[in-house]
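Novice: fold the stuff below for me.
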Amino acid sequence: MDKQIPVDQLTLAAAKQEIAPLREQLTKWGREYYEQDNPSVEDYVYDRAYQRLVELEQRFPELKTSDSPTQHVGGGPTSELIKVTHEIPMLSMGDVFSIDELMDFNQRQQDNGDVSVTPEYNLELKIDGLSLSLVYENGRLVQGSTRGNGNIGEDVTANVMTIKSIPHQLPEPLSLEFRGECYMPKESFVKLNQEREAAGLSVFANPRNAAAGSLRQLDPQVTARRDLATFMYYVPEYQKLGVRTQAAALDRMRELGFSVNPHNRVVHNRQEITDYIEEYTAQRDQLSYGIDGIVEKVNDLDTENALGNTVKVPRWEIAYKFPPEEQATVVRDIVWTVGRTGNVTPTAVMDPVQLAGTTVSRASLHNPDYLREKDIRLGDTVYLHKAGDIIPEISRVDLKKRPADSQPYQVPTTCPVCGSDLVHLDDEVALRCVNPMCPAQIKEGLAHFASRNAMNIDGLGPKIIQQLWDKELVHDVADLYSLTHDQLLTLDKFGDKSAANLLTSIANSRNNSVECLLFGLGIRHVGAKAARLIMEHFQNLDRLLAASADEVAAVDGIGPTIGDSVQTYFANEQVKKLVDELRAVGVNFDYHGSVVPAATDSEWNGRRVVLTGKLEELTRADAKHWLEAHGAKVTGSVSKKTDIVIAGTAAGSKLTKAQDLGIMVWDEARFAQAMKEEQ
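Specialist: Down below sits the predicted model:
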């Protein structure tokens, strides 16, 4: 599509020849995006093709068909979730790609003879997520649903109940529908993909697809673990809220306890619109969530209502889409690294380029299937972008610049570290080294063993582990307990005090409750919570060693996947030897109750929380105590690192700053509900 003939120069016959395959391609891409949450092309590729189809159908209306992608919204609901009919259709927005196009849209509105349009618009950030409808009856949340094809969506009520930014009960007995965007924060997206990659699963292409896949789960517990969030932005029956403008509607929703993006602005002319777009184009990388453009809406809601919709898009709003930020570079090498569980991951090494404010020279290729699908080869010129404005990713190969002698890349069959054969396990997309004595796995395993939620050996980080390995002072985790003061003094930057501190930390870890050890061993599928449930049941590691896979699987909350994984792990002869070594150096095998704070399984664990204003039902001290007991860090000031602000009555500057920074704000009732859900 790089050198297309302008539409106004095409004959009917030429347009007819082009339009059918274009329609078919867009339908395929739309199904991948909306229904499978697994797009094969970037948004701008789809947008460019879609715009071409729009132009063709406008120039040759006789070629327009009822099944054209321009005539329907998104994709049909295809999952096993219950279907929901939207009484008021949930439409998608039209797109423009330049300030001039945006001004032309505004001018067409104002030239409309049927409706008088005052040039006052509300600008909002276009959140990169998926549309969500929330229905309340007498103030109580009764239904959540996806947009689907605009008329029929999917019931995700049980899943939205797990999203912390969605109030279950409003402070007023309203019976209304509220619409907004469900999204996955950038940090959560990175964490989720890291976990999936480590487990040998396919990764999500971007936060939008991760959010869609998470919200449409059949199991709400999966959704709950995915850390989804929302911004609400629209009330179809705005009259019931007593508001007349879009800006006022956002303020009203915020008062009702919804999470509302704070960065909207009312504007009146081209300069104000341009300033806003330039401001947030520059800031988009610093936001904690992904945005892919700016939404402009007529601010007066009565005018909005009068303008109405086309068959697919509203006439009162438009999306300005950010231009794609891509850089071309050349792939010089593909290196393979081995993770803690043996997952072998390819990474492209490229000529350095500047991308979204950083220098990029490496990009993960995730797994062999991904590498084959993209057909990336050494010497290829590729285009880089940042998935969700975070992770460098190769979007496509420039085949025109491929070297004449290029050959398909050969995926390795042996481990790059230990030389063992690589295998595919079950239905995984990942390659794995299954040698438990692979040096790369052991080093990664040592770091995991020492981590906070495992044996919590303070001061034993990856750099120290590398030195211990290079000096052949440790070969497995049991060797840590035989280290001496003199041996540690041979490490770089180690003196008497640092050596003594590390030895004390190692010694203290001997006494941890055994679930810390079980988690620290790094058994596939066994997280901190599963380790605790297993050891609560068996009470002692030797009893677990004697148990069958079925007996482990029968533990409440465990199941056959973990049961098989535990049994397979402990059946390995090398592991049996390791267990004996740990026993010999005095590591505790008994369950004492959790030494790691119970907060490790809490949704509050690691969150930064600020309390402000007067609480009615709790004292500030009680609230702080509860939060810290569940793993939260309670701080006295609001910053970009703050996750939640809990605001009582008469909240002042801290609340204002939180709203300015787009930080989630809860009232006391919402906090009280969350406390009940943790019980």
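Novice: for the chain, longest helix please?
Specialist: As far as residue count goes, and with DSSP state H defining each element, the longest helix of the chain is helix 12-30.
Novice: give me every residue that touches the residue lying closest to R208 once chain neighbours are set aside.
Specialist: Among residues not flanking R208 along the chain, D128 sits closest, at 4.8 Å (C-beta to C-beta, 6 or more residues apart in numbering). For the C-beta atoms, the positions are set from N, CA and C on the backbone; glycine is no exception. D128 makes contact with 183, 206-208, 289-292, 388, according to C-beta atoms under 8 Å, 6 or more residues apart in numbering.
Novice: in CSV: the residues you listed, plus pLDDT, distance to K463 and secondary structure.
Specialist: CSV is the format used below for these (pLDDT from 0 to 100; distance: C-beta to C-beta, whole Å; DSSP: H, G, I helix; E, B strand; the rest coil):
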residue, pLDDT, distance to K463, secondary structure
Y183, 94, 36, strand
N206, 79, 32, coil
P207, 84, 31, helix
R208, 84, 36, helix
Y289, 91, 33, coil
G290, 88, 32, coil
I291, 91, 36, strand
D292, 88, 38, strand
G388, 55, 29, coil
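Novice: of the residues you listed, which is the nearest to V96?
Specialist: D292 (13.2 Å; C-beta to C-beta).
Novice: contacting residues around the closest one?
Specialist: D292 makes contact with 43, 126, 128, 321-322, according to C-beta under 8 Å, 6+ apart.
Novice: in which helix or strand does the residue nearest to G520 when sequence neighbours are not counted reside?
Specialist: Using C-beta to C-beta, 6+ apart and skipping residues adjacent in sequence, the residue nearest G520 is A454, 3.3 Å away. Under DSSP states H and E, no helix or strand contains A454.
Novice: right, and A454 touches I523 too?
Specialist: No. Judged on C-beta atoms under 8 Å, A454 makes no contact with I523 at a distance of 11.4 Å.
Novice: tell me which of the two has more neighbours.
Specialist: A454 (24 against 20; other C-beta atoms under 10 Å).
Novice: helix, strand, or coil at the residue positioned nearest the centre of the chain?
Specialist: Central residue of the chain (C-alpha atoms, centre = their mean): F189, 2.3 Å from the mean position. Of the three states, F189 takes helix under DSSP: H, G, I helix; E, B strand; the rest coil.
Novice: please report how far it lies from A211.
Specialist: 8 Å (C-beta to C-beta, to the nearest Å).
Novice: now do the same end-to-end measure for stretch 368-382.
Specialist: 18 Å (C-alpha to C-alpha, to the nearest Å).
Novice: same deal with stretch 480-494?
Specialist: Using C-alpha to C-alpha, the end-to-end distance of stretch 480-494 comes to 16 Å.
Novice: do stretch 125-132 as well
Specialist: Start-to-end, stretch 125-132 (C-alpha to C-alpha) is 16 Å.
Novice: dump the contacts of D292 into CSV; add pLDDT as well.
Specialist: Converted to CSV, the contacts of D292 look like this (pLDDT from 0 to 100):
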residue, pLDDT
D43, 64
K126, 95
D128, 88
K321, 90
F322, 87
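Novice: packing partners of the helix or strand hosting N501?
Specialist: Counting by DSSP H and E, the element that carries N501 is helix 496-509. Where contact means 3 or more C-beta pairs under 8 Å, 6 or more residues apart in numbering; DSSP states H and E, helix 496-509 is packed against helix 485-489.
Novice: put the alpha carbons of the helix it packs on into CSV.
Specialist: Provided in CSV are the C-alpha atoms of helix 485-489 (Å, rounded to 0.1, in the frame of the first residue of the first chain):
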residue,chain,number,x,y,z
HIS,A,485,33.6,-15.2,56.2
ASP,A,486,37.0,-15.6,54.5
GLN,A,487,35.4,-16.7,51.2
LEU,A,488,33.1,-13.7,51.1
LEU,A,489,36.1,-11.3,51.7
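Novice: helix or strand for the nearest residue to V552 once chain neighbours are set aside, which one?
Specialist: Spatial nearest neighbour of V552, excluding adjacent residues (C-beta to C-beta, 6+ apart): G563 at 4.0 Å. Following DSSP H and E, the helix or strand that holds G563 is helix 560-571.
Novice: hang on, the residue nearest to the centre of the chain packs against A205?
Specialist: No. Under the criterion of C-beta under 8 Å, F189 makes no contact with A205, lying 10.3 Å away.
Novice: on that earlier part again, mind listing what's buried along the helix holding N501?
Specialist: 499, 502-503, 505-506, 509 (16 or more other C-beta atoms under 10 Å).
Novice: in JSON lines: those, plus pLDDT and distance to S92.
Specialist: Shown next, in JSON lines, are the buried residues of helix 496-509 (pLDDT from 0 to 100; distance: C-beta to C-beta, whole Å):
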{"residue": "A499", "pLDDT": "92", "distance to S92": "62"}
{"residue": "L502", "pLDDT": "93", "distance to S92": "57"}
{"residue": "L503", "pLDDT": "94", "distance to S92": "62"}
{"residue": "S505", "pLDDT": "93", "distance to S92": "55"}
{"residue": "I506", "pLDDT": "94", "distance to S92": "58"}
{"residue": "S509", "pLDDT": "94", "distance to S92": "54"}
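Novice: now the helices: where do they sit in the stretch 51-200 of the chain?
Specialist: Along the stretch 51-200 of the chain, the stretches classed as helices by DSSP state H, counting those that start in this stretch are 99-110, 157-160, 186-198.
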